[in-house]
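Asker: What would the 3D arrangement of this be:
(one chain, ligands or ions: 1)
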Amino acid sequence: MRIVVAADHGGFALKNDLATHLRSLGHEVIDVGTDGAASVDYPDFAALGVAEVLAGRAEKALLVCGSGVGMSIAANRHRGIRAVVCSDVYTARMSREHNNANALCLGARVVGPGLAQQILDVWLETAYAGTASRHQQRLDKLEKIAP
Ligand code: RB5
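Answerer: Below you'll find the model as predicted:
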């Protein structure tokens, strides 16, 4: 799968770790930064990440900041993005199965690298319940809410 990864200064180290993990699993990773501890603004990097998904260059986005919250708020401002902030495996699974989430946001100051990897793996391995499921009408309603 082609996955775009993005982070702010609070998340870049975990983003880099997870990008290495994704490559080791055979995924193609597009890394749009940031790559250092210099302070940057999460809306800018969320926008770079989700742009890859919306343009069809990546199937899913992994967005990392300190809490995951800023990235999720920013990503969900973009129509067509269903971003979820996760700090547990159950939410990761449900966000795929029920919500067809296409962006996973993690908080590097919330979850350790081991749990982050588990969450990411489950999130990527779980399929959406499908367009024929009861969940689709709910996703269709979301698309009607601006933005
Ligand atoms: C940066 O200090 C921090 O605010 C950011 O990484 C993120 O947690 C915001 O939601």
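Asker: For the rest of this, base every contact and every neighbour count on C-alpha atoms.
Answerer: Will do.
Asker: Look up how far the ligand lies from the residue nearest the centre of the chain.
Answerer: The centroid of the chain falls nearest to Leu104 when counting by C-alpha atoms, centre = their mean (2.2 Å). Distance of Leu104 to the ligand, given as C-alpha to the nearest ligand atom, to the nearest Å: 14 Å.
Asker: Next: Ala103.
Answerer: Taking C-alpha to the nearest ligand atom, one finds Ala103 at 15 Å from the ligand.
Asker: For the residue nearest to the centre of the chain, give the beta-bridge partners.
Answerer: Leu62, Val84 (DSSP bridges).
Asker: ok, it - contacts?
Answerer: Counting by C-alpha atoms under 8 Å, 6 or more residues apart in numbering, Leu104 makes contact with 60-63, 72, 83-86, 120, 123.
Asker: switch the cut-off to 6 Å
Answerer: Residues in contact with Leu104, defined by C-alpha atoms under 6 Å, 6 or more residues apart in numbering, are 62, 83-84.
Asker: host element of the residue of the chain most remote from its centre?
Answerer: Taking C-alpha atoms, centre = their mean, the residue of the chain most remote from its mean C-alpha position is Ala132, at 24.3 Å. For Ala132, there is no enclosing helix or strand under DSSP states H and E.
Asker: Let me know the closest of the contacts of Leu104 to Asp140.
Answerer: Checking the contacts of Leu104 against Asp140 with C-alpha to C-alpha, the nearest one is Ala83 at 15.5 Å.
Asker: The closest one contacts Asn100, doesn't it?
Answerer: No - checked against C-alpha atoms under 6 Å, the pair Ala83 and Asn100 is beyond contact range at 9.2 Å.
Asker: neighbouring contacts of whichever helix or strand Thr20 is part of?
Answerer: For Thr20, the host element (DSSP H and E) is helix 12-24. Outside helix 12-24, the residues that touch it by C-alpha under 6 Å, 6+ apart are Asp35.
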